[in-house]
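S.K.: sequence and predicted model, in that order:
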Amino acid sequence: MQKPDYLKAIENRTSRRAYTKEPIEAEKIAYLQEIIRTINTESGLSITWLEDGSRAFTALKSYGMFKNVGSVLVLKGPRSVSDLSERIGYYGELLVLEATALDLGTCWIAGTYDKNSNLFSLGVDEVLVSIISVGNIPAEQTLKEKLISRIVSRKTLALKEFYTAEGEIPQWFLEGIKAVQKAPSAVNSQRVRFWYTKEGITATVPGTWATDPIDMGIAKVHFALATGGRFAFGGQGEFEKG
Ligand SMILES: Cc1cc2nc3c(=O)[nH]c(=O)nc-3n(C[C@H](O)[C@H](O)[C@H](O)COP(=O)(O)O)c2cc1C
């Protein structure tokens with residue numbers, strides 16, 4: 001499988017909440033399912049592709065924020081997996097970028113859907129962390145989408161708000177932070193911070209919101225894709241440049 005241009009996908013991605021009724025092409029679904037299989041093997045997660053998740057989006061359950069939701073990625077995994085929510089953030093965002101590269105619209109949804117719907121049947125020890133809607137989208141955001149993004153988002157922080165550095169930072173570190181600035185986060189809270197010291201690079205998040213570790217996984221994968229390297233999971237997890 002050829003890897004997509006992740007940087008372009010990072011650049012182009014924005015949360016989309018209104019979909020067209022046009023079904024997703026079979027080849028695109030097959031491609032995403034193949035990636036899901038690879039991710040599950042690598043990560044220990046049990047992410048699934050749900051063809052029709054629309055029942056979890058009745059107006060009452062989704063506060064009428066979404067339109068024509070069809071397929072969703074169900075992001076779940078065994079309770080025993082270490083740093084479960086952070087892993088979900090990391091691999092879920094990788095899937096978001098893959099879908100973006102296929103010209104599909106996506107939105108992370110951890111709150112505004114019916115989590116208790118029997119659509120999401122879980123194994124005994126499985127935890128449902130979040131879902132991601134995926135579908136064909138109108139080229140331009142609808143007026144309602146624009147309004148909702150304004151309501152749920154706060155201003156994007158300046159680059160320097162995302163990190164603390166000991167001494168001079170190399171340009172590649174800054175490129176990583178630029179990719180972090182473009183990452184989605186719950187209510188655009190942008191709570192993940194990066195630390196650059198002589199000992200290495202780490203990332204932290206307050207941890208007081210259930211979505212914090214998900215946001216940390218998302219920020220780490222953006223940083224890793226833009227700089228070429230790998231981040232270990234967890235608050236102490238260090239970045240290793242490739
Ligand atoms: C972990 C997580 C959970 C989210 N949950 C929801 C949600 O429940 N409902 C929703 O409409 N948007 C949700 N979002 C989307 C954010 O509001 C959105 O990413 C943020 O406002 C930044 O906008 P952007 O993605 O267009 O850059 C979530 C995003 C993340 C990362």
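M.R.: On my side now, so go ahead.
S.K.: and the strand or helix carrying D215, what's buried?
M.R.: Following DSSP states H and E, one finds D215 within helix 212-227. Using 16 or more other CB atoms under 10 Å as the burial criterion, the residues of helix 212-227 that qualify are 212-227. Bear in mind the C-beta positions are built from the backbone N, C-alpha and C, glycine included.
S.K.: what do you get for stretch 108-115?
M.R.: W108, I109, A110, T112, Y113, D114.
S.K.: can you check stretch 145-153 too?
M.R.: E145, I148, S149.
S.K.: same thing with stretch 54-66?
M.R.: S54, A56, F57, K61, S62, M65, F66.
S.K.: between those residues, which sits nearest the ligand?
M.R.: Here the nearest of the buried residues of stretch 54-66 to the ligand, counting by CB to the nearest ligand atom, is M65; it sits at 5.0 Å.
S.K.: looking at the protein, which helix or strand does the model trust least?
M.R.: The weakest-scoring helix or strand in the chain, judged by mean pLDDT, DSSP states H and E, is helix 59-62 (a mean of 73).
S.K.: sorry, back to before: remind me what the helix holding D215 packs against, helices and strands.
M.R.: helix 6-12, helix 84-101, helix 171-181, strand 200-204, strand 229-231, strand 239-241 (3 or more CB pairs under 8 Å, 6 or more residues apart in numbering; DSSP states H and E).
S.K.: orientation of the helix or strand that the least confident helix or strand of the chain is followed by relative to helix 84-101 in degrees?
M.R.: Using DSSP H and E, the helix or strand that follows helix 59-62 in sequence is strand 71-78. Put simply, strand 71-78 runs at 160 degrees to helix 84-101, going by axes from the mean of the first three to the mean of the last three CA atoms, to 10 degrees.
S.K.: does strand 71-78 come close to the ligand?
M.R.: No: shown here: strand 71-78 not in contact with the ligand (CB under 6 Å from any ligand atom), separated by at least 9.6 Å.
S.K.: report the angle between that strand and helix 212-227.
M.R.: Using the same axes, to 10 degrees: strand 71-78 against helix 212-227 is 110 degrees.
S.K.: Q181: what's it in contact with?
M.R.: T156, L157, L159, F162 (CB atoms under 8 Å, 6 or more residues apart in numbering).
S.K.: filter those to the buried ones?
M.R.: F162.
S.K.: out of the contacts of Q181, who's nearest the ligand?
M.R.: T156 (8.1 Å).
S.K.: export the contacts of Q181 to JSON lines and append columns for pLDDT and distance to Y196.
M.R.: Converted to JSON lines, the contacts of Q181 look like this (pLDDT from 0 to 100; distance: CB to CB, whole Å):
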{"residue": "T156", "pLDDT": "92", "distance to Y196": "21"}
{"residue": "L157", "pLDDT": "95", "distance to Y196": "17"}
{"residue": "L159", "pLDDT": "97", "distance to Y196": "13"}
{"residue": "F162", "pLDDT": "98", "distance to Y196": "11"}
